[in-house]
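S.K.: Below is the sequence, then the predicted model.
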Amino acid sequence: MRPPNQYSESVVANEAEEPDPRAVSMMIYTRLAGRAVIRVVGRCNEAKEHSNLDLSRCELMQVPDAVYHLMRHTELKSCDLSDNVITKIPAKFVVKFAFLKKLNLSHNQMAQLPDGFSDLSSLRRLDISHNSFISLPNCIFKIPNLKELNASNNHIVDVEVEYLKEAPSLESVDLTNNPLTRNSHSELEHLTKIRIILSPREIEDWEDLNV
């Protein structure tokens, strides 16, 4: 009988010891998810002391239901959800956090806001910059005490200037780095009631300046 090949045994042993790539990926994902959960819970507990909830950079695709539960006895004054991958804010967010004065939704993937946002009667500052908005949601114009709006770095082409004029308390709107049309840019430049911050408009090649 031929003695066992030492090299073959070594190869078999190595193959047996090599972990399943899918299992490794799942283990890493579970570990990262666990860290994210711990981070969210920790920040919710901190917010109970000063009423300022910071959930920035928490890898969130949405506001977890656990957050509403953990904060149910806290009257939040500010909330920071920036630098996540959130695509949508649910209507219940407005109901649960009705007394917010400052809300930061920047650096996410949102293109709309729920109509109920107009019920945030205490909101003074709203940041929706670095998202995917192609227009300003109409609900923003109805927020009764909103003074400062940052909507820079979106994909906004047109702005309903008449609606903007009717906003009850708006004092400042940042629309820099948006692909505004020539007409919208011109109308906004001449708006005096509200301070509008605009980027210098780049003239497209197809535009005939002599017309």
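M.R.: Nice, I can see it.

S.K.: ok, the spatially closest residue to Lys96 that is not a sequence neighbour - how many residues close by?
M.R.: Among residues not flanking Lys96 along the chain, Tyr68 sits closest, at 4.8 Å (Cβ to Cβ, 6 or more residues apart in numbering). Using the backbone N, CA and C atoms, a C-beta is placed for each residue, glycine as well. For Tyr68, the neighbour count with other Cβ atoms under 10 Å is 16.

S.K.: Leu126 too?
M.R.: 23.

S.K.: Checking it next. Helix, strand or coil?
M.R.: strand (DSSP: H, G, I helix; E, B strand; the rest coil).

S.K.: which residues touch it?
M.R.: Leu126 makes contact with Leu103, Leu105, Ile140, Ile143, Leu146, Glu148, Leu149, Asn150, according to Cβ atoms under 8 Å, 6 or more residues apart in numbering.

S.K.: ok, of those residues, which one's closest to Arg125?
M.R.: Nearest to Arg125 out of the contacts of Leu126 is Glu148 (Cβ to Cβ; 4.6 Å).

S.K.: What's opposite that closest one in the beta bridge?
M.R.: Glu148 has these beta-bridge partners by DSSP bridges: Arg125, Ser172.

S.K.: That one and Asn104, how far apart?
M.R.: Using Cβ to Cβ, to the nearest Å, one gets 12 Å for the distance from Glu148 to Asn104.

S.K.: got the contact list for Gly189?
M.R.: Careful, residue 189 is Glu and not Gly. Ile196, Leu198.

S.K.: quick revisit: compare Glu148 and Asn104 (neighbour count), which wins?
M.R.: Asn104 (21 against 17).

S.K.: so that one touches Ser56, yeah?
M.R.: Yes: counting by Cβ atoms under 8 Å, Ser56 is a contact partner of Asn104 at 7.4 Å.

S.K.: quick one: common contacting residues for these two?
M.R.: Asp80, Leu81, Ser82.

S.K.: By neighbours, which of those wins?
M.R.: Leu81 (26 neighbours).

S.K.: check contacts around that one.
M.R.: Leu81 sits in contact with Leu55, Ser56, Leu60, Val63, Leu103, Asn104, Leu105, Asn108, where contact means Cβ under 8 Å, 6+ apart.

S.K.: With Thr181 instead?
M.R.: Val157, Asp158.

S.K.: any chance of the contacts of Leu126 in JSON lines, plus pLDDT?
M.R.: JSON lines is the format used below for the contacts of Leu126 (pLDDT from 0 to 100):
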{"residue": "Leu103", "pLDDT": "98"}
{"residue": "Leu105", "pLDDT": "98"}
{"residue": "Ile140", "pLDDT": "97"}
{"residue": "Ile143", "pLDDT": "98"}
{"residue": "Leu146", "pLDDT": "98"}
{"residue": "Glu148", "pLDDT": "98"}
{"residue": "Leu149", "pLDDT": "98"}
{"residue": "Asn150", "pLDDT": "98"}
